[in-house]
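# need a structure here:
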Amino acid sequence: MAHTLVIVESPTKARTIKSFLPKDFQVIASMGHVRDLPKGASEIPAAMKKEKWSRIGVNTTEDFEPLYVVPKDKKKVVRELKSALKDAKELLLATDEDREGESISWHLLELLKPKVPTKRMVFHEITKQAITKALQKPRDLDMELVHAQETRRILDRLVGYTLSPLLWKKVAWGLSAGRVQSVSVRLLVKRERERRAFQKGNYWDLKTILEKNNTPIDARLINYAGQKIASGSDFDEKTGKIKTSSKAKLLKEDEARQLAELFSKNKWKIKSVDKKPAVRKPVPPFTTSTLQQEANRKLRLSARETMRCAQGLYERGFITYMRTDSVNLSEQAIKAARKCVELRYGKEYLSESPRQFKSNTRNAQEAHEAIRPAGESFRTPNESGLSGRDLSLYELIWKRTVASQMAEARLTMLSVDIGVCDAIFRASGKNIDFPGFFRAYVEGSDDPEAALEGQEIILPSLSSGDELIPKKIDAIGHETKPPARYSEASLVKTLEKEGIGRPSTYASIIGTIVDRGYASLNANALAPTFTAFAVTSLLEEHFPDLVDTTFTARMESSLDEISAGSIDWLPYLESFYKGSKGLAAQVDKREGDIDGKAYRKVDLEGITCTVRIGSNGPWLEGKRINEKGEEVDAKGNLPMDITPGDLDQQKVKQILDGPSDLGAHPETGEKVYLRFGPWGPFVQLGEAIDKKEKPRRSSLPKDIKTQELTLAQAVKLLSLPRKLGDHPDGGIIEARTGQFGPYVVWDKGNGEKPDNRSLKKEDDVYQIELKRALELLSIPKLGRGGRLALRDLGIPKGEKENIHVYNGPYGLYVKQGKINASLPKGQNADDLTIEEAIELLKDKKSIKSKAKSKNTKKKSSSKSKSARQTKTVSSKSSSKKLVKPKE
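Numbering: from 1, shown residues only. Coordinates of the predicted model:
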């Protein structure tokens, strides 16, 4: 029986849409893109491999024609789609309504070549009303959107695949460059340079607690003898001293304490009370960018986690489309939001009239609606049936949307100046006269009700001339702080403000920056690595435009103009890539001029050594003083958790000085040393005499500082591993500590992989017993970041390890042993078979194997070249013995 075939991107979206369609409609998922530019040499057709441009995947000699291929993991999907199309009377392409979705539909059209009527079906939310309306008003494919997406894809490929090989040759294998990625990395590096150049300043001030009618009043010294008291903003970050333009008085510790003593003995009287009304307006509903920022601040979700979670909510019909620059709300949404306000908070909390917003974002696309709860009426978070992060994100979106239609908050701001001797102290208060939208949503706060209490600073009734009783006065010392590192939220905000890239791509860009080793994410801060410093220095010197925010923003504007049809895409690509000033010519011209060795090192101000980038990570090269008091060359591994911003002269000295002798072990008499390796500091018992038998070692926990380490602490650390006993199923159980903290391990023997579990906070690695270790080992093993496996697919035939499915910060992935492989976009964990997982892992193993092989060949070639050079020189002067220096 003939049916209407509907194609969407994911199985989840397919299931949701199917429930709103007639029975004679068949809905199938394409699992994201069905074809793309080749990702590697294995995907390039044999007939094309001889072409120089095939490596890029874009024919730069023929009007930048892209070479599209169907990836191996999509061939089965394409066969299924073609089979379903045979019995179809009509084809509806129902992919997402943005450029990416339009592109997927175009690729489907090109691949399937349907002979039946074909239309594009678009909607911004998956509800019965929206799907019914979309069915009634299908449209043709929008080729302007397709060309806009294709131009961006080609441009990104040209930049990435032209610059990345240069970085492999000059800095390190496996690095990547990108149109937006490289600018983002430079932003991180510039901030870290500012942090390194920062000079801290010290200042003191006074804080007092006064009392009126048994009500405490906090106040701070702002003026003494007619002169403003210095605060952090008065300091020059480059010198750590008061700015020359500042006339503020810098209080030293002794003077601050003397003034505190003086003021405590004198009368305190109010000089003035200033009251000012203030109004706070609600913020607009979420765009892609602001959702990523607020979810990072409030929920501690990465940009990728936020987008993945939002995608799931959209596909299940909970929210509208999540890739949008617009802050507009439809009439339907405004009515639904205002109804929620009236029912939940009362009519007095409604804004006087429906409120609309206008985007201030550069290059904003206003075609879509803001991100909001789906439907003509909004389900409250409690009615949603959601849980975990899905519920948290939905609640965030619900509150922000509802708050946008609420009344303004009205406040009274109070400023009270209090005099004592020649000094003026100031107390500040804030009364919330009417909370308005604060009842639903306070930006940066999880709990609006708690935030209301926290925002209000209640002062007693005060008048000029009133006397106050001092209860406590403290002299407080302060240090100025360096500029904060970027968090994901602040980086996204900066990129959007500067007009760099599109918000829908920020999640994947930040993910790539971390994945490629350009930054580490610690305590929600992005810290650039030494590799980031090296690559940024090379690009700044030789390709400054490509890492310049203004140039990149202009490029983004040009791409938007191409999307609008006001600029022709071909001449733009020609001028960017070709000609004497084009990217291709610039890379060819500069490649020979770039000294790779100069960019495989990082010199930092204030550090008397050089950081070198090696194949196994960064290492230090400098000088140390030997036992004879002589200055000699020294090298040392740089622990992987030390970033350029953390490296100081003290750490350099510790690493280059080599093993520190902590004393003799009380039981064995052997020397105990403090040493440094790529995984951080560790203690070692005795010397390494035989390479086969390493001396006993133990990593330093993060709470022990190397400069404060004692012999007793080292001896205690070296008591690990502790044998706890035998496992009931064979093998032994030990308590150990490692790079990621203390853990217990079950060594099964017989060549089987050991099984381990991290200890909980309440466990002590030196006291834990066998019974507790068995309890921990019985808990299902967690994946990256402490995640429980979603599914256990079992053990493939002929292998020893299970395959598990996990949900990580960058999406779903499968894991077997040490190999992880991401699931394709749109692939659902519940639908994944063990055969599909084996194929994904097989492809990942193949990629790793090729990269390893290439590295081996590269090292082998380098050694052969060095050997030939050594042989040539030796033949000229056989009396001189040449020794190849270590790198």
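# Tell me which stretches of the stretch 501-650 of the chain form helices.
Residue ranges of the helices in the stretch 501-650 of the chain, as given by DSSP state H, counting those that start in this stretch, are 503-515, 530-542, 549-564, 569-577, 583-591, 596-599, 649-656.
# In a markdown table: the ones you listed, plus distance to residue 767, mean neighbour count and mean pLDDT.
In this view, the C-beta of every residue, glycine as well, is placed from N, C-alpha and C. Formatted as a markdown table, these follow (distance: least, Cβ to Cβ, whole Å; neighbours: other Cβ atoms under 10 Å; pLDDT from 0 to 100):
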| stretch | distance to residue 767 | mean neighbour count | mean pLDDT |
| --- | --- | --- | --- |
| helix 503-515 | 36 | 21 | 90 |
| helix 530-542 | 39 | 22 | 94 |
| helix 549-564 | 54 | 18 | 88 |
| helix 569-577 | 64 | 16 | 92 |
| helix 583-591 | 60 | 15 | 91 |
| helix 596-599 | 50 | 15 | 88 |
| helix 649-656 | 30 | 18 | 85 |
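# Make a markdown table from the ones you listed and add distance to residue 468 to it.
Listed next are the helices of the stretch 501-650 of the chain as a markdown table, based on distance: least, Cβ to Cβ, whole Å:
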| stretch | distance to residue 468 |
| --- | --- |
| helix 503-515 | 51 |
| helix 530-542 | 54 |
| helix 549-564 | 51 |
| helix 569-577 | 68 |
| helix 583-591 | 69 |
| helix 596-599 | 63 |
| helix 649-656 | 47 |
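# Looking at those, which is nearest to residue 178?
The closest of those to residue 178 is helix 503-515. By Cβ to Cβ, the value is 7.2 Å.
# Can you tell me which helices and strands the closest one packs against?
Secondary-structure packing of helix 503-515 (3 or more Cβ pairs under 8 Å, 6 or more residues apart in numbering; DSSP states H and E): helix 181-197, helix 288-299, helix 303-315, helix 488-498, strand 519-522, strand 525-528.
# How about the first one, which residues are buried there?
Translated: helix 181-197. 181-193, 195-196 (16 or more other Cβ atoms under 10 Å).
# before we move on, what about the last one?
By neighbour count with 16+ other Cβ under 10 Å, strand 525-528 contains the buried residues 525-528.
# Kindly report the same for the third one.
Of the residues in helix 303-315, those scored as buried under the neighbour-count criterion (16+ other Cβ under 10 Å) are 303-315.
# Leaving out chain neighbours, which residue sits closest to residue 63?
residue 570 (6.0 Å; Cβ to Cβ, 6 or more residues apart in numbering).
# Next: residue 339.
Leaving aside its sequence neighbours, residue 339 sits nearest to residue 377 (Cβ to Cβ, 6+ apart; 6.8 Å).
# Quick one: low-confidence residue ranges for the stretch 601-750 of the chain.
Residues of the stretch 601-750 of the chain meeting the criterion pLDDT under 70: 616, 678-679, 689-692, 739.
# Now do the regular element (helix or strand) spanning residue 414: distance to the chain's middle.
Following DSSP states H and E, one finds residue 414 within strand 409-420. Averaging C-alpha positions (Cα atoms, centre = their mean, to the nearest Å) puts strand 409-420 40 Å from its chain's average.
# That one: partners in the sheet, and parallel or antiparallel?
As defined by DSSP bridges, the strand partners of strand 409-420 come to strand 268-280 (antiparallel), strand 423-434 (antiparallel).
# Run the chain-centre distance for the shortest one.
If you compare the mean C-alpha spot of strand 423-434 with that of the full chain, they lie 38 Å apart, counting by Cα atoms, centre = their mean.
# cool, the longest one as well?
When distances are taken as Cα atoms, centre = their mean, strand 268-280 is centred 43 Å away from the chain's centroid.
# circling back: compare the helices of the stretch 501-650 of the chain and report which one is nearest to residue 149.
Across the helices of the stretch 501-650 of the chain, residue 149 has its closest neighbour in helix 549-564 (8.4 Å, Cβ to Cβ).
# Counting by contacts, list what that closest one packs against.
Checked by 3+ Cβ pairs under 8 Å, 6+ apart, helix 549-564 has helix 143-170, helix 181-197, helix 488-498, helix 569-577 packed alongside it.
# could you check the angle helix 549-564 makes with the longest one?
Right, helix 143-170. Angle, helix 143-170 to helix 549-564, by axes from the mean of the first three to the mean of the last three Cα atoms, to 10 degrees: 150 degrees.
# pLDDT on helix 143-170, on average?
For helix 143-170, mean pLDDT is 91.
# list the buried ones in it?
Within helix 143-170, the residues that count as buried by 16+ other Cβ under 10 Å are 145-163, 165-168, 170.
# And the third one, by the same measure?
Across helix 488-498, burial judged by 16+ other Cβ under 10 Å covers 488-493, 495-496, 498.
# okay if I get the residues you listed as TSV plus pLDDT and distance to residue 130?
Listed next are the buried residues of helix 488-498 as TSV, based on pLDDT from 0 to 100; distance: Cβ to Cβ, whole Å:
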residue	pLDDT	distance to residue 130
488	93	31
489	93	31
490	94	35
491	95	33
492	94	28
493	93	31
495	93	31
496	92	28
498	91	34
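# for the chain, where's the lowest mean pLDDT among helices and strands?
Ranked by mean pLDDT, DSSP states H and E, the weakest helix or strand in the chain is helix 448-455, scoring a mean of 51.
# got the contact list for the very next helix or strand once past that one?
Scanning forward in sequence from helix 448-455 by DSSP H and E, the next helix or strand is strand 467-479. Here strand 467-479 makes contact (Cβ atoms under 8 Å, 6 or more residues apart in numbering) with 200-212, 216-217, 232, 253, 256-257, 259-260, 263-264, 267-270, 418, 420.
# mind checking the SS state of the residue nearest to residue 339?
The three-state assignment at residue 377 reads coil, by DSSP: H, G, I helix; E, B strand; the rest coil.
# That one contacts residue 338, doesn't it?
No. Counting by Cβ atoms under 8 Å, residue 377 stays clear of residue 338, with 11.2 Å between them.
# Identify each buried residue in the helix or strand harbouring residue 78, please.
Per DSSP H and E: residue 78 is located in helix 75-86. Buried residues in helix 75-86, counted by 16+ other Cβ under 10 Å: 77-78, 81, 84-85.
# Now distance to residue 561 and pLDDT too, for these, in a markdown table please.
Formatted as a markdown table, the buried residues of helix 75-86 follow (distance: Cβ to Cβ, whole Å; pLDDT from 0 to 100):
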| residue | distance to residue 561 | pLDDT |
| --- | --- | --- |
| 77 | 35 | 92 |
| 78 | 34 | 94 |
| 81 | 35 | 95 |
| 84 | 39 | 93 |
| 85 | 37 | 95 |
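# In those, find the pair that's most separated.
77 and 85 (12.6 Å).
# Now do the contacts for residue 543.
Contacts for residue 543 (Cβ under 8 Å, 6+ apart) come out as 163, 586, 590.
# re the thing from before, nearest to residue 503, out of the buried residues of helix 181-197: which one, please.
Taking the buried residues of helix 181-197 together and measuring to residue 503 by Cβ to Cβ, the closest member is residue 184, at 13.0 Å.
# Could you report the separation of residue 109 from residue 140?
Using Cβ to Cβ, to the nearest Å, we find residue 109 at a distance of 11 Å from residue 140.
# Look at the two and report which has more neighbours.
Taking neighbours as other Cβ atoms under 10 Å, residue 109 and residue 140 compare with residue 109 leading, 17 against 8.
# Report the rounded mean pLDDT for the helix or strand harbouring that one.
In this assignment (DSSP H and E), residue 109 forms part of helix 99-112. Mean per-residue pLDDT for helix 99-112: 94.
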